[in-house]
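Asks: got a predicted model here, sequence first, then my questions.
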Amino acid sequence: MKIAVIGGGPGGLYFAALMKQLDTNHDVTVWERNAASDTFGFGVVFSDETLGGIGNADPVVAEYMSRRFARWSDIDIHFRGQMHTVGGQGFAAMSRKELLELLQRRCLELGVDVRFSTVAPDVEQLAAEYDLVLAADGLNSAVRTKFAGSFKPSLDPRVSKYMWLGTNQVFEAFKFFVKETDAGTMQIHGYPYSDEGSTFIVEMHEDVWRAAGFDETENEVLPPGVSDETSVAKVAEIFAEELAGYEVLTNNSKWINFTTVRNESWRHENIVLLGDAAHTAHFSIGSGTKLAMEDSLALAACLHEHPDVNTALEAYETERRPVVESTQRAAQASLEWFENIGQYKDQDPVQFCFNLLTRSRRITYENLKLRDTGFAAQVDENFARLSGQQHSAPAMFQPYTLGNTELVNRIVVSSMDMYSASDGVPGDFHLVHLGSKAMGGAGLVMTEMVCVSDTGRITPGCTGLYTDEQATAWKRVTDYVHVNSKAKIGAQIGHSGRKGSTKLMWEGIDQPLDEGNWDVLAPSAIPYGEGCHTPIEMNREQMDQVREQFVAAAHRADAAGFDVLEVHNAHGYLLSSFLSPLSNQRTDEYGGSLENRLRYPLEVFDAVRQVWPAGKAIGVRISATDWSEGGNTDEDAVAIAEAFIKHGAQFIDVSSGQIVKDEKPAFGRSYQTPFADKIRNKIAAQAGVGVIAVGAISSYDDVNSILLAGRADLVALGRTHLYNPQWTLQAAAEQDYVGDGATWPTQFKAGRRKPPSARTDAVRPRLSLLAEEAEKDSTHLRWTPAKDAQQLATSHN
């Protein structure tokens, strides 16, 4: 093959070297506009997995890299005057300059034609003359821009500012310095890369950056290679204690807003993007160099394995894209966590450390236990202390007081519409459905949305609390729960609004009824989506009528024996549709500003709260974002939650979306938890108000991780409980937990131990004559080259 590589960074050079190794007859040319000696940045971090791949692909490169690595396993987190060390992580880093020199030398050894200080010819010319063109031309890729119609790039510049710096202080571990200043929260990401220095990245939200005066040089245009010395001096002053007398080093150091790059396709004909040109991931989750070199390895392998370029590029993207997208999801979660780090400034230091470690959801509590058992135990003990408990137990089995309602554990069966009532009356199905979930061990079982009127139903199969017959039927369910379990049971009351008068879910979700339709109400005469009912814009009389229907439903919920009441302000139903600017376009005092849009939902909540007993918990479910342009955002959700808290809400159940039919939610594991996290740590925790996280949470490990990190007080699981009604009890068995937080029904106690599975009882024979010396504990490994060298010299003497 004849191959053109645009960009002589680590990704381009490594790919060129690999292709030459695979076939010396390949004609590979690399163009790099900078000189061979030019390099920006300081250290590069690699994972053990990546190093294994490099070792398999090119032992020469791997062997040299291994001799230059700084290695350690500890993370030191400095926060609120305390340092906590967490081990068992496993890091390897080296100088970016040395890595480039190694790859340059390797390319020359293999016969790659590398042309430094040379701008590549026009890409169209290269595509015509070469079999393959690799565009490794970085974040601001000119190739990507030229063929944007094929690549379909998406560039997302973020709100935080950061600067790459170095220091001649040699850190012993990965360092997070989180510092509260008069301007706000700033953080340092630091790690050693040699026996001479460390990378020292300073990052902060743009609001903090401006408040600290770093915008003084905002309009200065600094040429390539020149650093922002004014800002560097200020950084050195702010972090003087952390630098401990050592210097701050610069290398083209300027303020940058991180940009997340995504492309719908990485290829155009025989041109393929690689590294930052194709995708970026925030530096807090791993280096761009690591990703680029992994790209190179995968691409070289696919080109070698397939008969033609087109097939090879298709195979490469099919293989590599899921890996990259998984990394980008983790990086996005990490990036957003650091953007919002200021909301944790008052968090308990141990909880903060666990929160930081689990920010991307790649590390969980169970994973941390494998890495550092001691720190995991400290996290457990600390959570018990914060919860006012004397004995440590899995977080999910710690009790919680919701308002004045005592829950035996922190698991909630989330509200799920069942569409199985007759004239709004719950029947045997609801008794078995909710009764089984209560017997399955959850601390709180929530009903589906129980409608406040017949015309407030979503479908003809929805339950209600608008007749005494319905209340009596619900009393049968609550009595069963109270007699047969320690669970509390809550009613979620709501009005369907413009999403009413539709078919049962399995007959056609959100589709209008074929017959028997009723008029639907909304703040504005705007359909939920194409093919949906056009609602009637509510007048004052109708608003008063619906408010009183909520009040009557609350009275009946109390009489029916419910312990908890949740007023449904989410998912595009009536009260939710008042909150969103996408569905509320009124011009009176109930539309326009968020304050106005809140007015009617708060009127309803106030009226309900006045009649709900003080000894029973009351709260709301909200949609934290509309997932649609022009709709409510997570910042609006904080203001909405704050308004309900001021009006007496004792918990906020944080869901999202379903406001408009054409929403674009970012689904994923625990995808709504960051919204709960923001509400809890910005306002709810200080007010003593509980926050419930919900959405794509299915493992007890994720539940414990969310609670231990302080992202929520309770965790609601819906479909997980449909899959396994005894999920909570099973989670207790899996964790070897026995206690008040998981009470097995007497009839089920014989099953409270996890059943044995195949080969769990295998006993291995002794196969060594002499017992091997116990291995040194590798949980806490520090990078101490100076100390090691001194000890070595002493031993030689």
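Replies: Sure, I can see it.
Asks: contacting residues around the spatially most central residue of the chain?
Replies: Taking C-alpha atoms, centre = their mean as the criterion, residue 333 is the residue nearest the geometric centre of the chain, at 3.7 Å. Counting by C-beta atoms under 8 Å, 6 or more residues apart in numbering, residue 333 touches 359, 360, 361, 674. In short, each C-beta sits where N, CA and C put it, glycine included.
Asks: switch the cut-off to 7 Å
Replies: Neighbouring residues of residue 333 by C-beta atoms under 7 Å, 6 or more residues apart in numbering: 359, 360, 361.
Asks: out of those residues, list just those in strands.
Replies: Judged by DSSP state E, strands contain none of these.
Asks: who wins on neighbours among those?
Replies: Most neighbours among the contacts of residue 333, by other C-beta atoms under 10 Å: residue 359, with 24 neighbours.
Asks: can you tell me the helix or strand for the nearest residue to it once chain neighbours are set aside?
Replies: Using C-beta to C-beta, 6 or more residues apart in numbering and skipping residues adjacent in sequence, the residue nearest residue 359 is residue 337, 3.9 Å away. For residue 337, the element it lies in under DSSP states H and E is helix 309-339.
Asks: ok, and for stretch 98-106, which residues are buried?
Replies: 98, 99, 100, 102, 103, 104, 106 (16 or more other C-beta atoms under 10 Å).
Asks: of all these, which two lie farthest apart?
Replies: Among the buried residues of stretch 98-106, the pair separated by the greatest distance (C-beta to C-beta) is 98 and 106, at 12.5 Å.
Asks: can you list the weak-confidence ranges in this structure?
Replies: Within the chain, the ranges that satisfy pLDDT under 70 run 758-762, 768, 770-777, 786-797.
Asks: tell me where the stretch 351-500 of the chain has helices.
Replies: 365-371, 373-386, 428-439, 468-484 (DSSP state H, counting those that start in this stretch).
Asks: as TSV, those helices with mean neighbour count and distance to residue 694 would be great.
Replies: Output for these, formatted as TSV (neighbours: other C-beta atoms under 10 Å; distance: least, C-beta to C-beta, whole Å):
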stretch	mean neighbour count	distance to residue 694
helix 365-371	17	19
helix 373-386	18	20
helix 428-439	20	15
helix 468-484	18	20
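Asks: looking at those helices, which is nearest to residue 346?
Replies: Once the helices of the stretch 351-500 of the chain are compared by C-beta to C-beta, helix 373-386 is nearest, at 12.6 Å.
Asks: name the element the nearest residue to residue 395 once chain neighbours are set aside belongs to?
Replies: Using C-beta to C-beta, 6+ apart and skipping residues adjacent in sequence, the residue nearest residue 395 is residue 707, 3.9 Å away. Taking DSSP H and E as the definition, residue 707 sits inside helix 700-708.
Asks: again with residue 49
Replies: helix 48-57.
Asks: how far does that helix sit from its chain's centre?
Replies: Computed by C-alpha atoms, centre = their mean, to the nearest Å, the chain-centroid distance of helix 48-57 equals 28 Å.
Asks: show me what that helix is packed against.
Replies: Packing partners of helix 48-57 (3 or more C-beta pairs under 7 Å, 6 or more residues apart in numbering; DSSP states H and E): helix 59-68, helix 288-305.
Asks: got a list of contacts for the first one?
Replies: Applying C-beta under 7 Å, 6+ apart, the set of residues contacting helix 59-68 from outside is 51, 54, 55, 94, 98, 102, 106.
Asks: neighbours of the second one, how many?
Replies: This means residue 54. Using other C-beta under 10 Å, residue 54 has 22 other residues around it.
Asks: just the first one next, same as before
Replies: Close neighbours of residue 51, defined as other C-beta under 10 Å, add up to 17.
Asks: which residue sits closest to it, ignoring its sequence neighbours?
Replies: If the residues on either side of it in the chain are set aside, residue 51 comes closest to residue 92, at 6.2 Å by C-beta to C-beta, 6+ apart.
Asks: with the fifth one instead?
Replies: Ranked by C-beta to C-beta, 6+ apart and with sequence neighbours excluded, the top spatial neighbour of residue 98 is residue 68, at 5.5 Å.
Asks: from residue 46, how far off is that neighbour?
Replies: Residue 68 is 11 Å from residue 46, where distance means C-beta to C-beta, to the nearest Å.
Asks: same check, this time on residue 617
Replies: Applying C-beta to C-beta, the value for residue 617 to residue 46 is 50 Å.
Asks: just the CA atoms of the longest strand anywhere in the chain, as CSV, please.
Replies: Identified as the longest strand of the chain according to DSSP E is strand 153-167. Taking Å, rounded to 0.1, in the frame of the first residue of the first chain, the C-alpha atoms of strand 153-167 are listed here in CSV:
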residue,chain,number,x,y,z
PRO,A,153,-18.7,16.4,13.1
SER,A,154,-20.2,17.6,16.4
LEU,A,155,-18.0,20.0,18.4
ASP,A,156,-19.1,20.7,22.0
PRO,A,157,-17.0,23.4,23.7
ARG,A,158,-17.4,23.2,27.4
VAL,A,159,-17.6,25.8,30.1
SER,A,160,-14.5,25.1,32.2
LYS,A,161,-11.1,26.6,31.6
TYR,A,162,-7.9,24.6,31.9
MET,A,163,-4.2,25.1,31.4
TRP,A,164,-1.4,22.5,30.8
LEU,A,165,1.5,23.2,33.1
GLY,A,166,4.3,21.2,34.7
THR,A,167,6.3,21.4,37.9
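Asks: check which helices and strands the helix or strand immediately after it in the chain sits against.
Replies: Note on strand 153-167: by DSSP H and E, the next helix or strand toward the C-terminus is strand 174-181. Secondary-structure packing of strand 174-181 (3+ C-beta pairs under 7 Å, 6+ apart): strand 75-79, strand 184-192.
Asks: quick check: angle from the first one to strand 174-181?
Replies: Our comparison of strand 75-79 with strand 174-181, counting by axes from the mean of the first three to the mean of the last three C-alpha atoms, to 10 degrees, yields an angle of 10 degrees.
Asks: the last one now?
Replies: Put simply, strand 184-192 runs at 160 degrees to strand 174-181, going by the same axes, to 10 degrees.
Asks: tell me what strand 184-192 is packed against?
Replies: strand 91-95, strand 174-181, strand 198-205, helix 206-211.
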